[in-house]
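S.K.: Please work out how this folds:
(chains A and B)
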Number of protein chains: 2
Amino acid sequence: MRNHPSLPIDADRLWHSHEEMGQLGATPKGGVNRQALTPEDQQARALFTKWAQQAGCTVETDCVGNLFARRPGRDPSLPAVCTGSHLDTQPTGGKYDGAYGVLAGLEILRALNDAGIETERSIEVVAWTNEEGTRFAHSGSALFVGKVDLAEAYNATDPAGIRFEDALVAINAKGPLPLGNRPYDSVFEAHIEQGPILERDGYAVGIVTGARGQTRYTVTVTGMEGHAGTMPMTMRQDALVAASRLVVTLEQIGLDHPPQGVCTVGALTVYPNSRNTIPGTVTFDIDLRHPTQDGIDSMEAAIAAAMQAEQHKGKVSVTCTVLDRDAPLTFDADLVALLKVGADSLDRPVMDIFSMAGHDACYLAAHQPTAMVFVPCKNGISHNELESATVEDLAAGVEVLAAAILARAMRR
Amino acid sequence: MRNHPSLPIDADRLWHSHEEMGQLGATPKGGVNRQALTPEDQQARALFTKWAQQAGCTVETDCVGNLFARRPGRDPSLPAVCTGSHLDTQPTGGKYDGAYGVLAGLEILRALNDAGIETERSIEVVAWTNEEGTRFAHSGSALFVGKVDLAEAYNATDPAGIRFEDALVAINAKGPLPLGNRPYDSVFEAHIEQGPILERDGYAVGIVTGARGQTRYTVTVTGMEGHAGTMPMTMRQDALVAASRLVVTLEQIGLDHPPQGVCTVGALTVYPNSRNTIPGTVTFDIDLRHPTQDGIDSMEAAIAAAMQAEQHKGKVSVTCTVLDRDAPLTFDADLVALLKVGADSLDRPVMDIFSMAGHDACYLAAHQPTAMVFVPCKNGISHNELESATVEDLAAGVEVLAAAILARAMRR
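M.R.: Below is the predicted model of the structure:
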């Protein structure tokens, strides 16, 4: 393999772009609440579009709001090199989850401009819609690769009952491009680790070798409403008591699959949610993850048994529906090797790491060669307003990413 | 004691008034959603006011929306006889909880008019504001007797953040009268039992001898938000897992105090309530009830121990605040005896019964002689859209109530 070219990155510029982007949806605690397709997301899309255009890109939008900023190569007919991530955040999120991958790509384009480098292939920096999945279930990258039916996704509603398609239209994010039909030479994504391993082991950059399997369920527990004073304890069909038993059991199922199996109930809603009415219905979501398919299968079996055991008590009925299943995946071996060679050429020590979070790259990996780099975040904290990263680590990740992207983009 | 006068009740009129009132906030399942100070409650207040005026009453409103319909007696200077209940319902309530007590009083006024009877004392039928306590914490009857500070109640907000005072003004329910200052000779309340005992034992009417003690808490469990994929199970501070353990323990505390001790978590809210974020905060309410003070004390001690045990696990902090405490109470012996004598004179067999529900009468009992009658509801179901009662039982309750009210109202 030939020597890697190296590209001078402007760490200050990278940092200030994060600071400026982080103002959009900024929370009093220093985090970001920029949920998909809100006015804050609209502002973030406009800022990214402006920056990309200033860097000489054309910016196009597809019918689910994915934004494609293209820096043309010498031969526009060759499949482009793609990098990017997402601009939406959790309701109590931080400045780096998602935004880092988009701004890393933008910094590479700016650095290429500064260095006057024309690449053989075009480079596209993509901001994928709704990666977090908090407001709407399906992400723009999953739709892009055809993993989800478009009509179904358009009709899915957020907790306020707003359809995904209507939310796209409301912030003018529904573009003319159809889904997919954009073959890439390769796809790279930079992201904060969102876990404690790089920081603990003292690496600024991790090369991601693969990603967890994940299954998400939605569960409805149906009992019967009743008066909180007059209904004797033994005659109750309390949906919240049953759901609470399940939440406790689900935690145990996670604990029973160490070290990396996890099982989470993040959202739970009680009906009618009145102080003096025994809850008649509770709905909640389950998110389970494991690095191996055997682990996923074992956790799914334990969950099914727990649901059945609760139902067999005869007080409530339990329905459990799979929202989606992602199998564990291994990233493209050539791209992973290229990232490592690039890091070596920069004298940048890196470690292999495995992703327990889902990312846009996990969907894209199904259709084109894909790989990721991680940088540390403080104490491994993410999906939290305390999310924090250093300028040095962010820049190191971009340097390693840039070396691999430049190597791929220079190929005929 | 002299012979009771008896008053011919129009059971059909009583039934049709319930049917008409039940249209206001009617739900597709046949129940009623007429929460306090909503447009539906406003309609109910207007209908009651119209009916009371048609029955010859003056209708006045106090500063928390309590509605006083007064049928003047021969000597208006004598303390009046009061009866009534509330027109607000649970979010998934029925036609009879509350409305029965108001419409029973109205039927007595109409029957007095039909019979051309003028009473010595005035009779007031009162619709007390917000008895259910689902939208706002404090009831109009508690405010009337000075149990709760008015400024505090005005500033309390519903789940949407609307102040109680603003909600009163919004539906034009804030009247000119100050709180209290309306001494009553006696207070009666008719209500559906909301439990299974009268139906099981075959009685149309129960004479209520007393009411449960009740303590309500609001609890906040604070852990730490985190990423549902990357935060290892053993490092989590999951507020929902901790809250769920508490909900399960609280049910056990109820079960440990048979036969009439009850402990309920009716409302629980998760923050940020996102599928892939470990819950950082959970708030919930506890409602515990027991017929005796010893039982209340024992349950409160068990709850305090459970909170402490959860906190001692070191993952979350738990704060538990008393919203209010009602001691167990015994209704006025003279009024209870009068109700029984009246029932005897009607050849109506009645049983003694104890109320596990709170009622407006429980607050009023602190300041004037007070008593209640119960009628059965089908399968003991209340706070539920399936709530049901028969015209015969409803009319029987009004007859027994009317005999006692007439006896008191004829006294000089």
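S.K.: show me where the stretch 51-200 of chain A has strands.
M.R.: Ranges of strands in the stretch 51-200 of chain A, per DSSP state E, counting those that start in this stretch, are A:58-61, A:67-71, A:80-86, A:123-128, A:184-192.
S.K.: what does the stretch 251-400 of chain A give?
M.R.: Per DSSP E, counting those that start in this stretch, the stretch 251-400 of chain A carries strands over the ranges A:262-264, A:268-271, A:277-278, A:281-290, A:317-326, A:329-330, A:350-355, A:370-375.
S.K.: residues making contact with the last one?
M.R.: Around strand A:370-375, the neighbours that count as contacts under Cβ atoms under 8 Å, 6 or more residues apart in numbering or on different chains are A:100, A:186-193, A:198, A:204-208, A:331-332, A:335-336, A:338-339, A:353, A:355, A:359, A:361, A:364, A:389, A:393-394, A:396-397, A:400-401, A:404. All C-beta atoms are positioned from the backbone trio N, CA, C, and that covers glycine.
S.K.: Spatially central residue in chain A, please.
M.R.: The centroid of chain A falls nearest to A:His359 when counting by Cα atoms, centre = their mean (3.8 Å).
S.K.: related to what we said a few turns ago, out of the strands of the stretch 51-200 of chain A, flag the one nearest chain B.
M.R.: strand A:184-192 (9.8 Å; Cβ to the nearest Cβ).
S.K.: how about TSV for the strands of the stretch 251-400 of chain A, with mean neighbour count added?
M.R.: Below are the strands of the stretch 251-400 of chain A laid out as TSV (neighbours: other Cβ atoms under 10 Å in any protein chain shown):
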stretch	mean neighbour count
strand A:262-264	28
strand A:268-271	21
strand A:277-278	28
strand A:281-290	24
strand A:317-326	15
strand A:329-330	14
strand A:350-355	19
strand A:370-375	28
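S.K.: Same list (the ones you listed) but as TSV, adding distance to A:Glu251 and mean pLDDT.
M.R.: Output for the strands of the stretch 251-400 of chain A, formatted as TSV (distance: least, Cβ to Cβ, whole Å; pLDDT from 0 to 100):
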stretch	distance to A:Glu251	mean pLDDT
strand A:262-264	7	98
strand A:268-271	13	98
strand A:277-278	24	92
strand A:281-290	11	97
strand A:317-326	17	94
strand A:329-330	26	95
strand A:350-355	22	95
strand A:370-375	27	98
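S.K.: Make JSON lines from those strands and add distance to A:Thr49 to it.
M.R.: Compiled in JSON lines, the strands of the stretch 251-400 of chain A are given as follows (distance: least, Cβ to Cβ, whole Å):
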{"stretch": "strand A:262-264", "distance to A:Thr49": "34"}
{"stretch": "strand A:268-271", "distance to A:Thr49": "36"}
{"stretch": "strand A:277-278", "distance to A:Thr49": "49"}
{"stretch": "strand A:281-290", "distance to A:Thr49": "32"}
{"stretch": "strand A:317-326", "distance to A:Thr49": "30"}
{"stretch": "strand A:329-330", "distance to A:Thr49": "31"}
{"stretch": "strand A:350-355", "distance to A:Thr49": "28"}
{"stretch": "strand A:370-375", "distance to A:Thr49": "24"}
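S.K.: and of these, who's closest to B:Arg74?
M.R.: strand A:277-278 (44.4 Å; Cβ to Cβ).
S.K.: Paired strands for that closest one, with orientation please.
M.R.: strand A:226-227 (antiparallel) (DSSP bridges).
S.K.: ok now the strand it pairs with, how far from the chain's centre?
M.R.: Computed by Cα atoms, centre = their mean, to the nearest Å, the separation of strand A:226-227 from the middle of its chain amounts to 42 Å.
S.K.: again with stretch A:226-235
M.R.: On the basis of Cα atoms, centre = their mean, stretch A:226-235 is displaced by 44 Å from the centre of the chain it belongs to.
S.K.: Check stretch A:376-387 too.
M.R.: The chain centroid and the centroid of stretch A:376-387 are separated by 14 Å, computed with Cα atoms, centre = their mean.
S.K.: Need the contact partners of that stretch.
M.R.: Residues contacting stretch A:376-387 (Cβ under 8 Å, 6+ apart): A:27, A:29-32, A:90, A:92-97, A:192-199, A:203-204, A:357, A:388-390, A:393, B:224-228, B:230-231, B:274, B:276-278, B:280.
S.K.: Go again with 7 Å.
M.R.: When contacts are defined by Cβ atoms under 7 Å, 6 or more residues apart in numbering or on different chains, stretch A:376-387 is touched by residues A:27, A:29-31, A:90, A:92-97, A:192-196, A:198-199, A:204, A:388-389, A:393, B:225-227, B:230, B:276-277.
S.K.: Can I get the buried part of these as one ChimeraX selection?
M.R.: Buried residues among these (16 or more other Cβ atoms under 10 Å in any protein chain shown), as a ChimeraX selection:
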select /A:27,31,90,92,93,94,95,96,97,192,193,194,195,196,198,199,204,388,389,393 /B:225,226,227,230,276,277
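S.K.: For the stretch 1-150 of chain A, give me the ranges with low pLDDT.
M.R.: A:1-5 (pLDDT under 70).
S.K.: can you pull out the helices in it?
M.R.: In the stretch 1-150 of chain A, helices defined by DSSP state H, counting those that start in this stretch lie at A:11-22, A:39-54, A:99-115, A:140-144, A:150-155, listed in chain order.
S.K.: Report the backbone C-alpha coordinates of the second one in CSV.
M.R.: What follows is helix A:39-54 as a C-alpha-only set of coordinates in CSV (Å, rounded to 0.1, in the frame of the first residue of the first chain):
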residue,chain,number,x,y,z
PRO,A,39,-37.4,24.4,14.6
GLU,A,40,-33.9,23.8,16.2
ASP,A,41,-33.2,21.0,13.8
GLN,A,42,-34.3,23.3,10.9
GLN,A,43,-31.8,25.9,12.1
ALA,A,44,-29.0,23.3,12.3
ARG,A,45,-29.8,22.1,8.7
ALA,A,46,-29.6,25.7,7.5
LEU,A,47,-26.3,26.3,9.2
PHE,A,48,-24.8,23.1,7.8
THR,A,49,-26.1,24.0,4.3
LYS,A,50,-24.6,27.4,4.5
TRP,A,51,-21.2,26.2,5.6
ALA,A,52,-21.2,23.4,2.9
GLN,A,53,-22.1,25.9,0.2
GLN,A,54,-19.4,28.3,1.5
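S.K.: Check which helices and strands that helix is in contact with.
M.R.: strand A:58-61, strand A:67-71, helix A:99-115, strand A:123-128 (3 or more Cβ pairs under 7 Å, 6 or more residues apart in numbering or on different chains; DSSP states H and E).
S.K.: circling back: now do the same contact list for the residue nearest to the centre of chain A.
M.R.: The contact partners of A:His359, taken as Cβ under 7 Å, 6+ apart, are A:189, A:191, A:211, A:372.
S.K.: 8 Å - rerun?
M.R.: The contact partners of A:His359, by Cβ under 8 Å, 6+ apart, come to A:85, A:131, A:189, A:191, A:211, A:372.
S.K.: can you check A:Gly342 too?
M.R.: A:4, A:400, A:403-404, A:407.
S.K.: now do A:Leu339
M.R.: A:Leu339 neighbours (Cβ under 8 Å, 6+ apart): A:188, A:207, A:350, A:371, A:373, A:400-401, A:403-404.
S.K.: pLDDT wise, what is it at?
M.R.: pLDDT, A:Leu339: 97.
S.K.: Run a quick neighbour tally on A:Pro349.
M.R.: For A:Pro349, the neighbour count with other Cβ atoms under 10 Å in any protein chain shown is 11.
S.K.: Helix, strand or coil: sort out the spatially closest residue to it that is not a sequence neighbour for me.
M.R.: Nearest residue to A:Pro349, sequence neighbours excluded (Cβ to Cβ, 6 or more residues apart in numbering or on different chains): A:Tyr203, at 6.4 Å. Look at A:Tyr203: counting by DSSP: H, G, I helix; E, B strand; the rest coil, its state is coil.
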